[in-house]
Structures are given as C-alpha cells and as structure tokens.
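>>> okay, predicted coordinates and the sequence, questions at the end:
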Amino acid sequence: MAALGNPVSRAFARVLADVRAGDHPGRLADYIPELAKADPDAFALSAASVSGHTYAAGDSTVPFTIQSISKAFVYALALAEHGVAAVTARVGVEPSGEAFNAISFDAQGRPANPMINAGAIVTTSLIAGATADERFERIRRGLSAFAGRELRCDEAVAASESATGDRNRALAMLARSSGALDGTVDDAVEAYFRQCALLVDTTDLAVMGATLANDGVNPVTDRRIVPSIVARDTLSLMSSCGMYDRSGQWLFDVGLPAKSGVGGGIVAVAPGEYGIGVFSAPLDAVGNSARGVAALRMLSEGFGLHLFRHPDRPVSPVQAVEIDARTETVTMRLRGVVDFVAAEQIAYQAAETMDATGSRTLVLDAADVAASTRVAALLLGDLFAHVREAGADIVVVDPEGTLDPS
Ligand code: GLU
C-alpha cells in the first residue's frame, strides 16, 4: 500500500494555495534592516494537536524571529513564577486600544496589558536573573520548553533592536517611574530585545500554542511547562489583546486566542484541540502577517474553530431509559463523556421519569460512560442525595469508575 500521508497537512497545503492565489498586500517590517531581508514569498502553516501530533505545509522549516509572540509566553512564565496577584499588581489585563508601542499606563501606573511593549518589558523584568543575560537565558529555556526544542537567539537582530530601541527604553523608564518596573531599564530591555530575536519556525509556534491548548502540558514532550490556570490566563489575554489594533475584529471574525509578531509569525490556539503556527513576512497596516491572517481566517471558517460558534447539538448522554412497573425501577443507560451539559440532561430526565412513574429505585448504568467531569460529579452527587431523601433507592453500575460521583 502507498503511504497515506495525512489529511491535515493536505488541507493546510490547500489553504496556503488558496491564500497565495488571493490578494493580500503587505509590507516587510523595516524598522530594523535585518527584518527587511526576510523572504517575502515564504509561507507556512503548522499545527500540533493536544495528542502530540504535528502537521505542516509550505516553508515550515524557514526560521524567523518570534518578536511580539514572545510576549504571551513570557507572560505565562512570569505568572508561573510569581502568581497572578503579583503580576497584575504591575501589568493590567485590559486592551489598550492603542498602538503596541504607545505610552499606555492606567490610573495605577500599570501598563494596560502584557501584549503591548510597555507591559511586555515589565513582564520580562519579572523573570528572575541577576543580569540581563541570566534573565534572557531563563526566558530562552522557558520558551524552548514550550517549543519542545532548544531555541536560539538571532544576535544580529537583537543587536539592531538594541541599537534602535530608544522608544522601548523610554517606555521602560516610564514604567520605572510609575513603580511598575523594578531594577534597571537596561537589564529589562536588553533581555526583552533578545527574547524578541529568538528564532522559531511555524512548527515551534504550533507546539508552543498546543502547550497552552493542552492546559500547560507540552503534548509532544509530555512535560508540564506552566500550571493549568496560567495557560487559561494567558489564552484569555491573547483573546483580548493578541492581534495589535485588530484584536477586537480578530476575535469577532476568527474567534481564537492568538498572538502575532512583526517577524511575520502568528500563533493561534484552539483550546483543548490545537496550536497553530503560521508565517509570512509581509505585514498588513496594523503589523499582522497579511497572508497569515488570511490563512487563519480560512482555517477558522473551514475547520469550524471559532470559539463562540457551536452549531452541533451534543449527543444525548442517555442512550436508553427502561421502566419496570413490577419492580418500580427506572434504569437509565448512560454513555459518552458526562460533563455539565450531560449531567444536566441526566438529572432532568431522572427527576421527570421518577416523578411520572412513581418508581422507587433509580439505576444509572454507566458501563458506557467514557469519563465525567468534576462539575458533573457535583450535580449527580446532589441528585443522588435528593433521590435518597425522597425515600427512593439509587444504584450506580459503574464498572470502570468513570462516573464516580462520590
Ligand atoms: N522587537 C519589537 C519591538 O519591541 C517587537 C515588535 C512586535 O513584534 O510587535 O518593537
């Protein structure tokens, strides 16, 4: 038999071809000469699933600098290191509605969020290290753990970021004057410049995104990189602030947490499902990869990834109900994953059937239940208590312990 290849990579190749055929004008970033040297034609799309499989199409081994995409992951590292209270005391969580490099501080003197430069420089400064080099090395190792391989810095890009980085120094200075930034301005910005110059490819971005999609565990290396709550908090900010001045439009149209960078990369996350990395260097008017945005729009639409669209009705968790009038028993045969919605249906149907038939025993047969969630256990535990209080018996057949509402 010929090798099957895989349908995901083939679907991605079609997305790349369709976007290439369309008109998505963009310009290479040129605030430093190194970025203007990028190949404007290179275009790649990768994905990594929470099961740890990776897929790629196009120029997926072409390296580019991570730039602002690093902000999301360094924020995650800062949250993991200090906890949310200490971090939000210095950097807010509100969209700024201003350019990424704007002088944007709230009434408490905090940068609006960690995705704008002022906020990112503060988050970088929160990563432990006695010097900029130590801090950068810790960041490099953290982002490498997200990617599942050793990332390295493009020192030429870092050097020209530093040579032209006075606006970022000014932002750091203002953050210091408001008390958001401790330590020296140079320590913070030099680590920040180097973090922006880390080289990645689209598969790195996909695995980094998949780690956030997978509750903070890198699905390729199986290592926990950040706590579950940190993955959630980081994705929340990517949803509201990740795409420069198009973050609102992006959430509206594409409906996925994402972060882009002026190197032409974008990471997007389908929570619980995939991380996606895309790269094409020419940028649109707000600094997002023009073709990258087009590809992700197409993918969101084609794969039904928008977070707020749920056209499919869930499969009923109750596959059969048997009523035995002689023994006054109602038996409900359950199936699938019992989550909040499923538990709600089970409880509703149990109460209705027990009341209507005046039965004295409720049997829940969970042999076909694959798993249940904590909230389901809570709701079903409450149901069982009330069945008993009403003077009826409850029998749970749970050979695999998958329902376990105890
Ligand atoms: N190193 C760039 C800066 O701080 C990052 C810009 C970006 O990707 O938004 O200006």
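Yes, it's here.
>>> to the chain's geometric centre, what's the distance from stretch 294-310?
For stretch 294-310, the gap between its own C-alpha mean and the chain's C-alpha mean amounts to 15 Å (CA atoms, centre = their mean, to the nearest Å).
>>> same deal with stretch 304-323?
Worked out by CA atoms, centre = their mean, stretch 304-323 lies 24 Å from the chain centre.
>>> for that stretch, how far is the first residue from the last?
40 Å (CA to CA, to the nearest Å).
>>> which secondary structure state is assigned to residue 366?
strand (DSSP: H, G, I helix; E, B strand; the rest coil).
>>> right, and it touches residue 397 too?
Yes: with contact defined as CB atoms under 8 Å, residue 366 reaches residue 397; the gap is 6.2 Å. Every residue, glycine included, has its C-beta placed from N, CA and C.
>>> give me the more crowded residue out of those two.
Each of residue 366 and residue 397 has its neighbours counted (other CB atoms under 10 Å); residue 366 has more, 25 against 14.
>>> was I right to think residue 16 contacts residue 42?
No: taking CB under 8 Å as the definition, residue 16 is not a contact partner of residue 42, at 10.8 Å.
>>> who touches both of the two?
Common contacts of residue 16 and residue 42 (CB atoms under 8 Å, 6 or more residues apart in numbering): residue 58.
>>> which bits of this structure sit near the ligand?
67, 68, 100, 101, 117, 161, 168, 196, 261, 262 (CB under 6 Å from any ligand atom).
>>> can you pull the contacts of the fifth one?
With contacts taken as CB under 8 Å, 6+ apart, residue 117 has the following neighbours: 100, 101, 167, 168, 171.
>>> for residue 209, see how far away it is.
22 Å (CB to CB, to the nearest Å).
>>> could you do the fourth one as well?
Counting by CB to CB, the gap from residue 101 to residue 209 is 24 Å.
>>> more crowded one of these two?
residue 209 (33 against 15).
>>> correct me if wrong: the more buried one contacts residue 269.
Yes: here residue 209 reaches residue 269: they are 4.5 Å apart, a contact under CB under 8 Å.
>>> next one: phi and psi at residue 147?
phi -80, psi -20 (degrees, to the nearest 10).
>>> just checking, it touches residue 202?
No: contact criterion CB under 8 Å: residue 147 and residue 202 do not qualify, at 11.2 Å.
>>> neighbour-wise, which of the two wins?
residue 202 (33 against 27).
>>> who are the contact partners of the more buried one?
Here residue 202 is in contact with 44, 45, 46, 56, 58, 60, 265, 277, 278, 279 (CB under 8 Å, 6+ apart).
>>> mind doing that once more with 6 Å?
Applying CB atoms under 6 Å, 6 or more residues apart in numbering to residue 202 gives the contacts 44, 46, 60, 277, 279.
>>> which single one of those residues is nearest to residue 129?
Proximity of those to residue 129 (CB to CB) peaks at residue 277, which lies at 27.4 Å.
>>> you'd agree the closest one is in a strand?
Yes: counting by three-state DSSP, residue 277 is located in a strand.
>>> apart from its neighbours in sequence, what residue is nearest it?
residue 205 (2.8 Å; CB to CB, 6 or more residues apart in numbering).
>>> was I right about the one you found contacting residue 266?
No: using CB atoms under 6 Å, residue 205 is not in contact with residue 266, being 7.6 Å away.
>>> which one is residue 388 nearest to, not counting chain neighbours?
Closest to residue 388 by CB to CB, 6+ apart is residue 394, at 6.3 Å.
>>> spit out the contact partners of that neighbour.
Contacts of residue 394 (CB under 6 Å, 6+ apart): 362, 384, 387.
>>> what count of nearby residues applies to the second one?
Read that as residue 384. 18.
>>> can you mark which positions in the helix or strand hosting it are buried?
Using DSSP states H and E, residue 384 sits in helix 374-389. Burial within helix 374-389, assessed by neighbour count using 16 or more other CB atoms under 10 Å, is assigned to 376, 377, 379, 380, 383, 384, 387.
>>> ok, now which ones touch residue 191?
124, 132, 135, 136.
>>> related to what we said a few turns ago, tell me if the residue nearest to residue 388 really is in a helix.
No: assigned with three-state DSSP, residue 394 falls outside any helix and is strand.
>>> what's across from it in the sheet?
For residue 394, the beta-bridge partners are residue 362 (DSSP bridges).
>>> quick one, helices of the stretch 1-150 of the chain?
With DSSP state H, counting those that start in this stretch as the criterion, the stretch 1-150 of the chain has helices at 7-21, 33-36, 69-82, 84-88, 117-126, 132-147.
>>> got the contact list for the third one?
Pointing back at helix 69-82 there. Contacts for helix 69-82 (CB under 6 Å, 6+ apart): 87, 114-115, 120, 123-124, 126-127, 139, 142-143, 146, 195-196, 226, 230, 233-234, 238, 259, 261, 265, 267.
>>> swap in 7 Å and give it another go.
For helix 69-82, the external contacting residues (CB atoms under 7 Å, 6 or more residues apart in numbering) are 87, 114-115, 120, 123-124, 126-128, 139, 142-143, 146, 195-196, 198, 205, 208, 226-227, 230, 233-234, 237-238, 242, 259-261, 265, 267.
>>> now swap in the last one and tell me
Residues outside helix 132-147 that contact it (CB under 7 Å, 6+ apart): 70, 73-74, 77, 124, 127-129, 150-151, 153, 186-187, 190-191, 194-195, 198, 200, 204, 207-208, 211, 218, 223, 225.
>>> buried set for it?
Buried, per 16+ other CB under 10 Å, within helix 132-147: 132, 135-140, 142-147.
>>> so which of the contacts of residue 394 is the closest to the ligand?
Proximity to the ligand was ranked across the contacts of residue 394 by CB to the nearest ligand atom; first place goes to residue 384, at 53.7 Å.
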